[in-house]
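In: generate a structure from the sequence data that follows.
(one chain, ligands or ions: 1)
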Amino acid sequence: MRLNIARPDAIDVLLSRRSVKTRDMVEPGPSDEEMAVILKAGMRVPDHGKLSPWRFFVYSGTAREALADIISDAFCKESQTLSDAQSAKMQRFAVQAPRLVILASCPSREKPIPDWEQHLSAGASAMSMLIAAHMLGYVGQWLTDWPAYSPRLKAHLGLGDADNIAGFLFFGSAGDQPPERPRPDPDSLVQYYRARADLDD
Ligand SMILES: Cc1cc2nc3c(=O)[nH]c(=O)nc-3n(C[C@H](O)[C@H](O)[C@H](O)COP(=O)(O)O)c2cc1C
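Out: Numbering: from 1, shown residues only. So this is what the prediction gives:
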């Protein structure tokens, strides 16, 4: 694809993206072919050192139920604050949406690239997958919640001590038009420097 060509429609898509609560997602989710596109987008991200420091675990169908059991069991064994409501939430966690990708950030030691930069690359991967899903007409949400920090779930996925679960990326369709959420005022976050004088005290 040629570069240096304006794509105003793509900007509209980017600026209209928003999350939909996972529990509000309905069928259909992305097909296998569409998931392959979403995953490809998740791998086409800035990656200092070409280390591919990410892993993708993709769940659909009854595999989500098996994962729900693993999360629920881990919660029972690891959580200090075991209420019925929290247990029920964990049992539901993996089965809320049609599709789920667990994205792991797995820093490589192959080159002297700081772990922090490799984790940032995983963040970029998550964001690219959300954007790709939106472009394909689906909705997504990036959650961590308790399961992202479960040693048992990490072990189940074969992740090492230096690896982290960057997030659970849920994909599906929007049942209702979701409300917009307040967005930050750019002027409160951005400092512009246009001339030398802008740097003076
Ligand atoms: C790393 C990360 C973890 C998140 N975990 C949660 C979570 O566990 N629960 C939650 O309600 N939102 C969580 N969020 C926020 C949602 O993904 C999302 O930002 C929010 O629902 C609205 O986002 P939008 O700007 O995509 O519309 C997380 C965001 C990030 C970046």
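
In: any idea how far the longest helix along the chain is from the chain center?
Out: Using DSSP state H, we find that the single longest helix of the chain is helix 115-135. Between the centre of helix 115-135 and the centre of its host chain there is 7 Å, according to Cα atoms, centre = their mean, to the nearest Å.

In: helix or strand right after that helix?
Out: Per DSSP states H and E, the first helix or strand lying C-terminal to helix 115-135 is strand 139-143.

In: enumerate the residues of the chain near the ligand.
Out: 18-19, 141-145, 167, 181 (Cβ under 6 Å from any ligand atom). Heads up, the C-betas are built off the backbone N, CA and C, glycines and all.

In: for the lowest-mean-pLDDT helix or strand in the chain, buried residues please.
Out: Here the helix or strand of the chain ranked lowest by mean pLDDT, DSSP states H and E is helix 84-93, holding a mean of 91. By neighbour count on 16 or more other Cβ atoms under 10 Å, the buried set for helix 84-93 is 89-91, 93.

In: ok now that helix, how far from the chain's centre?
Out: Using Cα atoms, centre = their mean, the offset of helix 84-93 from its chain centre is 21 Å.

In: just checking, what packs against the biggest strand by length in the chain?
Out: The strand that spans the most residues within the chain, counting by DSSP state E, is strand 164-174. Strand 164-174 sits against strand 25-26, strand 99-105, helix 115-135, strand 139-143, with contacts defined as 3 or more Cβ pairs under 8 Å, 6 or more residues apart in numbering; DSSP states H and E.

In: ok, which of these comes nearest Ala85?
Out: When these are ranked by proximity to Ala85, the top entry is strand 139-143, at 17.2 Å, counting by Cβ to Cβ.

In: got the contact list for the helix or strand just after the closest one?
Out: The helix or strand immediately downstream of strand 139-143 is helix 151-156, counting by DSSP H and E. Applying Cβ atoms under 8 Å, 6 or more residues apart in numbering, the external contacts of helix 151-156 come out as 70-71, 73-74, 77-78, 147, 163, 165.

In: TSV for these, including neighbour count and pLDDT?
Out: Shown next, in TSV, are these (neighbours: other Cβ atoms under 10 Å; pLDDT from 0 to 100):
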residue	neighbour count	pLDDT
Ile70	16	97
Ile71	23	96
Asp73	16	94
Ala74	20	95
Lys77	11	93
Glu78	14	93
Pro147	23	96
Asp163	20	98
Ile165	21	98
